[in-house]
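*Asks:* Please work out how this folds:
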Amino acid sequence: MKAADLQEILDNHKKWLNLEDGGKRADLRFADLQSANLQSANLQNADLRFANLRYADLQNADLRYADLRFANLRYADLQNADLRYADLQCAYLQGANLRYADLQYAYLQDANLQNANLQNADLDFSVWQLWCGSFSVKVDRKIFVQLLYHLLCVECDDPAVKKIQGMKKLIKLANEFHRTNCKRIQP
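*Replies:* As a prediction, the model looks like this:
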């Protein structure tokens with residue numbers, strides 16, 4: 001979709017979208033916004049359930065509290081997007097660029113993140129699903145350390161697991177965890 005086409009849709013539906021007040025009541029359910037240029041768009045609180053945002057440019061977009069359940073965000077560019085408290089349950093994020101995105105408190109249950117780029121994204125107080133939809137996600141050292149820290153804090157009676165959890169190199173790396181209010185892991 002060309003930017004001019006999107007602008008015509010927005011102009012024709014301003015009352016329906018209500019973008020003047022920051023998209024607070026924007027109803028974009030099932031909208032076809034494939035390849036749309038939505039850079040820096042204010043879509044805070046927007047209802048984007050089942051929307052097609054495949055290949056959309058959402059760099060720097062404000063999507064706080066947006067409802068993106070079942071949205072198709074495959075290969076979307078969400079770099080620097082504000083997705084705090086967004087509902088991304090069952091969203092399709094395969095291959096999406098989420099570098100530097102703020103995903104604090106985002107609801108990611110059953111979101112497919114395969115091959116998504118989460119380098120430098122903020123996932124604090126979010127959910128990391130333990131299913132195949134989280135395989136092959138590209139992360140940075142900060143996120144790796146955060147996941148490792150949590151893994152080493154799990155209690156398991158298995159001797160082989162305890163041996164791995166006691167490895168000094170892993171503990172040293174895990175103790176780089178950025179949350180300073182968490183206790184340091186002791187060997």
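*Asks:* quick one: low-confidence parts of the protein?
*Replies:* Along the chain, the parts satisfying pLDDT under 70 run over 1-25.
*Asks:* go with 90
*Replies:* Within the chain, the ranges that satisfy pLDDT under 90 run 1-26, 127-131, 178-183, 186-187.
*Asks:* would you list every one of the helices in it?
*Replies:* According to DSSP state H, the chain carries its helices in the segments 3-12, 14-17, 141-152, 159-165, 168-174.
*Asks:* Pull up the gap between the residue lying farthest from the centre of the chain and residue 166, please.
*Replies:* Going by Cα atoms, centre = their mean, the residue of the chain most distant from its centre is residue 159, 35.5 Å out. As defined by Cβ to Cβ, to the nearest Å, residue 159 lies at a distance of 10 Å from residue 166. C-beta: built from backbone N, CA, C; applies to glycine.
*Asks:* Next: residue 110.
*Replies:* Per Cβ to Cβ, residue 110 is found 34 Å from residue 166.
*Asks:* Likewise for residue 65?
*Replies:* Using Cβ to Cβ, we find residue 65 at a distance of 42 Å from residue 166.
*Asks:* Alright, calling it a day.
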